[in-house]
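Chemist: coords below, sequence missing:
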Ligand code: RAT
Ligand code: ZN
């Protein structure tokens, strides 16, 4: 069937984008064998670090006292301050209401204990099924940190893989804190030295190859500060060039760089303490150009970087642009950024990842983003209609699938 009017088009596009299963290429969710590392339920939703930053602006309590409270009390305080004492208009607040309604709960009751009762009754297996089904999620890529002692144990012990949770190897400590990481590697028996001599670089490559093998990670990833530069005389640039990129090339996995986070702007806020800064797109250009046999996936945190990054992406087929990351995951910005990306890149990018840290968040993050992606895509098809190019339902479906799943999968298998 062909959609011949803008309103028919919009309906068809919305249906396709809302219902096409997603492969979520970056989350902080964990498969059930990781135990308590898989966060879920209303108290976790309410104590999401995006909301902690918001409540600390208005609550009559300092962050030290807040963090000393039990989780349930923290959640209760956030509920009172951000949902009852004032209307929950921020994106992170609205997200919770979307989760509750999509799960069939009555938000009008404003009754936190009622919501708690619903989530407390779910066992982990049923909860994962429910969240994935409600969000229309086929799979979620985890963030697997080989330097985290608890997580490391789970990998070393081994577990039955669940193909809804896909691994990705996150290597921030290796690239952002070499002296401390060097000590850890040495304690694990790798022949490393802070000076980054040949033996050390070989040992780091061995470590990466072993962990890629152990986790079967789809890609390696790092988050980087705004002042990240390449090339540069620094342990980071050296380890990237001599260890990460060669190992990524040999194993055929992309290297994902998430650039622009200023860690610990207000350390008292802990996980909620990070800010944003303008990053250097030229460094990405130099990496993509100098290492054509490597595959790069990049997202940047500053709104002001988005146009330059999209233009850079046009120049390199070994670069996959993805997501509206963190402080950009807000409706007005997703609309603006996605629109610009369609105009510059056609369908050759991944419009969104959820970054979910709590299982239930996939419901709202995908619901909200899909609606905007659909609106923007429908506008673009309407532009084609003006030139007598009517897309049919099959073509719309195909395009939605590229955006939500196959652009990512195809890039991995290239
Ligand atoms: O979005 C977030 O939850 C951030 O805290 C970060 O985790 C960020 O997405 C990252 O992966 O570093
Ligand atoms: Zn993240």
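Modeler: Happy to help now that I have it. Values in this document were obtained by computation on a predicted structure and should not be read as measured data. Numbers count the residues shown, from 1 in each chain. Ligands and ions are numbered 1, 2, ... in the order given.
Chemist: if I read this right, residue 143 contacts residue 25, doesn't it?
Modeler: No. Using C-beta atoms under 8 Å, residue 143 makes no contact with residue 25, being 10.9 Å away. Every residue, glycine included, has its C-beta placed from N, CA and C.
Chemist: Compare those two and say which is more crowded by neighbours.
Modeler: More neighbours surround residue 25 than the other of residue 143 and residue 25, with 29 against 20 (other C-beta atoms under 10 Å).
Chemist: Nearest residue to the closest residue to ligand 1 within the stretch 101-250 of the chain in space, please, no chain neighbours.
Modeler: When distances are taken as C-beta to the nearest ligand atom, the stretch 101-250 of the chain reaches nearest to ligand 1 at residue 223, 3.9 Å away. If the residues on either side of it in the chain are set aside, residue 223 comes closest to residue 258, at 4.4 Å by C-beta to C-beta, 6 or more residues apart in numbering.
Chemist: Can I take it that the one you found is in a strand?
Modeler: Yes. The assignment for residue 258 (DSSP: H, G, I helix; E, B strand; the rest coil) places it in a strand.
Chemist: hmm, back to that, how about the backbone phi and psi for the residue of the stretch 101-250 of the chain closest to ligand 1?
Modeler: The phi/psi pair for residue 223 (degrees, to the nearest 10) reads phi -100, psi 140.
Chemist: Hmm, it is touching residue 261, no?
Modeler: Yes. Contact between residue 223 and residue 261 holds when scored by C-beta under 8 Å: they sit 5.3 Å apart.
Chemist: pLDDT at residue 1, what is it?
Modeler: Looking at residue 1, its pLDDT stands at 69.
Chemist: quick one: the strands in the stretch 301-414 of the chain?
Modeler: With strands called from DSSP state E, counting those that start in this stretch, the stretch 301-414 of the chain shows them at 319-321.
Chemist: count of residues packed around the residue of the stretch 101-250 of the chain closest to ligand 1?
Modeler: So residue 223, with other C-beta under 10 Å, has 22 neighbours.
Chemist: Likewise for the one 3 residues further on?
Modeler: Using other C-beta under 10 Å, residue 226 has 18 neighbouring residues.
Chemist: contacting residues around it?
Modeler: Taking C-beta atoms under 8 Å, 6 or more residues apart in numbering as the criterion, residue 226 is in contact with 259, 260, 261, 262, 276, 277, 278, 279, 280, 302.
Chemist: among those residues, who's most crowded?
Modeler: Highest neighbour count within the contacts of residue 226, by other C-beta under 10 Å: residue 260, with 29 neighbours.
Chemist: which residues touch that one?
Modeler: Residue 260 makes contact with 224, 225, 226, 276, 277, 278, 279, 300, 301, 302, 305, according to C-beta under 8 Å, 6+ apart.
Chemist: now, among the contacts of residue 226, which is nearest to ligand 1?
Modeler: Distances from ligand 1 to those, taken as C-beta to the nearest ligand atom, are shortest for residue 261 (6.2 Å).
Chemist: which residues does the closest one bridge with?
Modeler: Assessed by DSSP bridges, residue 261 has beta-bridge partners residue 276.
Chemist: Distance of it relative to residue 271?
Modeler: 12 Å (C-beta to C-beta, to the nearest Å).
Chemist: show me what contacts residue 110?
Modeler: Contacts of residue 110 by C-beta under 8 Å, 6+ apart are 83, 84.
Chemist: for it, phi and psi?
Modeler: phi 50, psi 30.
Chemist: do residue 315 as well
Modeler: According to degrees, to the nearest 10, residue 315 has phi -90, psi -10.
Chemist: I'd say it and residue 284 touch.
Modeler: No. If you go by C-beta under 8 Å, residue 315 and residue 284 don't touch, sitting 10.3 Å apart.
Chemist: what about those two, which has more around it?
Modeler: Remark: of residue 315 and residue 284, residue 284 carries more neighbours, 25 against 10, as counted by other C-beta under 10 Å.
Chemist: Can you name the residues of the stretch 201-350 of the chain that neighbour ligand 1?
Modeler: 223, 258, 326 (C-beta under 6 Å from any ligand atom).
Chemist: shouldn't the second one be in contact with residue 325?
Modeler: Yes. If you go by C-beta under 8 Å, residue 258 and residue 325 touch, sitting 6.2 Å apart.
Chemist: re earlier: how much space separates the residue nearest to residue 223 from residue 360?
Modeler: Distance from residue 258 to residue 360, by C-beta to C-beta: 23 Å.
Chemist: swap in residue 210?
Modeler: As for residue 210, its distance to residue 360 is 34 Å (criterion: C-beta to C-beta).
Chemist: ok, and the closest non-adjacent residue to residue 130?
Modeler: residue 122 (6.9 Å).
Chemist: ok so, going back, in CSV, list the residues of the stretch 201-350 of the chain next to ligand 1 along with pLDDT.
Modeler: Compiled in CSV, these are given as follows (pLDDT from 0 to 100):
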residue, pLDDT
223, 99
258, 99
326, 98
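Chemist: out of those, which one sits closest to residue 61?
Modeler: Nearest to residue 61 out of these is residue 326 (C-beta to C-beta; 25.0 Å).
Chemist: need the contact list for residue 263.
Modeler: Residues in contact with residue 263 (C-beta under 8 Å, 6+ apart) are 225, 273, 274.
Chemist: mind giving me the domain ranges of this structure?
Modeler: What automatic domain parsing lists as the domains of the chain is 2-38+135-413, 41-121.
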